[in-house]
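S.K.: Sequence and predicted structure, then a few things I'm wondering about:
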Amino acid sequence: DGFLFFLKNVSLGLNKYVLTEAFGDYARLGRISALVFL
């Protein structure tokens with residue numbers, strides 16, 4: 001039970017990290033394309 005809880009926390013943290021990373025890349029990409037198009 002404790003291990004399952006730990007696993008759930010790890011996967012949640014990982015998802016948050018991945019989302020943050022993806023959003024950062026997306027924002028960077030948007031900034032680059034904005035620079036290119038303007």
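M.R.: Perfect, thanks for sending it.
S.K.: Just give the number of residues close to residue 23.
M.R.: 10 (other C-beta atoms under 10 Å). All C-beta atoms are positioned from the backbone trio N, CA, C, and that covers glycine.
S.K.: ok, now residue 12?
M.R.: 10.
S.K.: secondary structure element for the one residue sitting closest to the centre of the chain?
M.R.: The residue lying closest to the centre of the chain (C-alpha atoms, centre = their mean) is residue 19, at 1.9 Å. Secondary structure assignment for residue 19, by DSSP states H and E: helix 2-37.
S.K.: Show me which parts of that helix are buried, residue by residue.
M.R.: Within helix 2-37, no residue qualifies as buried by neighbour count (16 or more other C-beta atoms under 10 Å).
S.K.: in the chain, which segments are predicted with low confidence?
M.R.: Counting by pLDDT under 70, the chain contains low-confidence residues at 38.
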